[in-house]
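**Q** this one's sequence-less:
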């Protein structure tokens with residue numbers, strides 16, 4: 001649309017410049033597009049003027065032939081009328097009237113043909129303009145569709161990248177876990193450093209011996225410790241089977 005607007009402005013500038021040229025104005029300050037329009041208009045006007053000159057020359061030759069023919073017929077009519085041949089004179093007069101009517105009809109037909117050619121040229125120009133506008137609208141629609149498609153594709157790519165980054169950043173220990181997995185993780189050290197520290201302390205040695213003997217954890221009470229009950233074993237029946245960590 002912007003290109004068409006600038007083209008129309010250059011077209012108006014060209015018409016104004018062409019009118020200015022008729023009065024001897026200078027066009028050094030005109031832009032390139034305006035000068036192109038002016039040059040094309042001058043070429044077209046020159047071509048039309050040349051064609052009009054050829055047409056006038058042909059019309060002149062035809063009129064000269066018709067005038068010569070009419071003079072000869074009139075002379076024959078006068079000689080026939082003066083010679084007393086009334087029938088020949090009437091025939092020549094009728095022929096002259098008939099030719100005159102035919103010439104008038106021919107001139108009317110030529111005028112109609114010129115009008116028809118001019119209207120056909122105007123229709124062709126309007127058709128080309130409509131085709132150019134249609135092509136421009138199709139290009140704009142295709143560009144809008146392409147931009148929308150690119151925007152949706154970028155949005156989908158960003159969504160996939162976000163999902164993949166969330167999936168890679170989520171720790172594996174946060175995924176599906178059971179109470180047994182959580183209890184097993186609670187019993188064991190979480191790092192090699194803590195494991196070494198647990199093995200060097202007396203409490204850690206006791207815990208390691210308890211793990212080796214199968215009695216894991218601290219006693220729930222002194223009496224429970226003497227009887228072999230431990231905290232996790234004493235609390236295990238009270239936990240719900242559907243409890244989560």
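**A** Received it, and whenever you're ready, just let me know what you need. Nothing here was measured: the structure is a model prediction, and the numbers come from that model.

**Q** longest helix of the protein?
**A** helix 86-169 (DSSP state H).

**Q** so this structure: which segments form each domain?
**A** Using automatic domain parsing, the domain parsing of the chain gives 2-140, 177-238.

**Q** so, low pLDDT: which residues of the protein?
**A** Applying pLDDT under 70 to the chain flags residues 1-38, 81, 85-86, 89, 92-93, 96, 98, 166-245.

**Q** mind redoing it with 50?
**A** 173-176, 216-221, 223-237, 243-245 (pLDDT under 50).

**Q** tell me how far residue 131 lies from residue 118.
**A** According to C-beta to C-beta, to the nearest Å, residue 131 and residue 118 sit 21 Å apart. Every C-beta, even on glycine, is put in place using the N, C-alpha and C of the backbone.

**Q** next one: residue 129
**A** From residue 129 to residue 118 the distance is 17 Å (C-beta to C-beta).

**Q** ok, now residue 48?
**A** Taken as C-beta to C-beta, the span from residue 48 to residue 118 is 11 Å.

**Q** can you check residue 97 too?
**A** 32 Å.

**Q** over to residue 53?
**A** Counting by C-beta to C-beta - residue 53 and residue 118 are separated by 18 Å.

**Q** got it, and residue 143?
**A** 38 Å.

**Q** count of neighbours near residue 64?
**A** Look at residue 64: counted by other C-beta atoms under 10 Å, it has 10 neighbours.

**Q** go on, residue 76?
**A** 15.

**Q** looks to me like it is in a strand.
**A** No. Assignment of residue 76 by DSSP: H, G, I helix; E, B strand; the rest coil gives helix, placing it outside any strand.
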